[in-house]
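>>> model this:
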Amino acid sequence: MTEKNEIVLMDFTGVYKEQEFYRGENISWVDVQGLSGCSCYCDGEAQEILEKKIEDLSVKGIHFVDSGNYHYMSLLWLKKVQAPFRLLVFDNHTDMQPPAFGGLLSCGGWAAEALKLLPFLQELILVGPDREAYEQTEKESRKKVRFLSREDLREMTEPEKKNFFEEISGEFPLYISVDKDVLRPGDAVTAWSQGDMTAEELENILRAVCSRQEPAGMDVCGECDAGENGTCNDRVNGMLLNVWRDWRDSHEK
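Residues are numbered from 1 along each chain as shown. All right, here's what the predicted structure looks like:
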């Protein structure tokens, strides 16, 4: 059985009410619909409210955090990790851009903030953005980053991909963050531009990585707008929940 609070759904937009993947599970439903100052950019007041909302929830679970507009929630979850860890991010964007509005936490810059703010973060493995976008990030931020571009994923053979992920050290627990915009249109519907990874490829990579790593936690974003046909997102969320459950179970034996 999945423990209470291990599956967390953060309801910013109402989109999860249209999905089925979590039905029958013990979940913690975090209602933050109507919260101001939190879409794409998160102001100080909203951040305080959000941190309070997740205060009693364990980071060592799977957290569904709605649209990619709220991917900065990863940083708020990661602040709860109190031992050295690695972070593996699948995203069609780097999320390493400095905020356009000084000092505000953003969905496009949270990963760079994590590298600066989290003393326990040993390395960021970033998978999916294009090379040009990565080259526009700050050089200082890249020192602790291992990068696999969208172009690399297209050009590499399956053994080469396998080697890349097998080289991730198991020395520290791993936290995984998945933005479904890394997937091709048809395998996901998101509010942002999308990559060309298939859901099957993502699952195969995750299962290969998870077999070698101790879990620190996981989060998932990249929902479409409420009212859109998100059947494929529902299906991918169910797959990711199963990956998490199998990962957790394999390290509890």
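>>> Wait, residue 144 touches residue 114, no?
No: using C-beta atoms under 8 Å, residue 144 is not in contact with residue 114; the gap is 9.8 Å. The C-beta positions use only the backbone N, C-alpha and C, and glycine is treated the same way.
>>> residues bridging contact with the two, i.e. touching both?
121, 124 (C-beta atoms under 8 Å, 6 or more residues apart in numbering).
>>> quick one, which of those two is more surrounded?
residue 114 (24 against 14; other C-beta atoms under 10 Å).
>>> and the more buried one, what pLDDT?
On pLDDT, residue 114 comes in at 97.
>>> and it, what does it touch?
By C-beta under 8 Å, 6+ apart, the contact list for residue 114 reads 74-75, 78, 87, 121, 124.
>>> Over to it. Which of the three states is it?
Reduced to three states with DSSP: H, G, I helix; E, B strand; the rest coil, the structure at residue 114 is helix.
>>> Report the separation between it and residue 237.
Using C-beta to C-beta, to the nearest Å, residue 114 is found at 23 Å from residue 237.
>>> just residue 197 next, same as before
16 Å.
>>> re the thing from before, which one of the contacts of residue 114 sits in the busiest neighbourhood?
Result: residue 74 is most packed of the contacts of residue 114 (other C-beta under 10 Å), 30 neighbours.
>>> By mean pLDDT, point me to the weakest helix or strand of this structure.
helix 158-166 (a mean of 89; mean pLDDT, DSSP states H and E).
>>> need the contact list for the spatially most central residue of the chain.
The centroid of the chain falls nearest to residue 177 when counting by C-alpha atoms, centre = their mean (2.2 Å). Residue 177 makes contact with 71, 74, 87-91, 218-221 under the criterion C-beta under 8 Å, 6+ apart.
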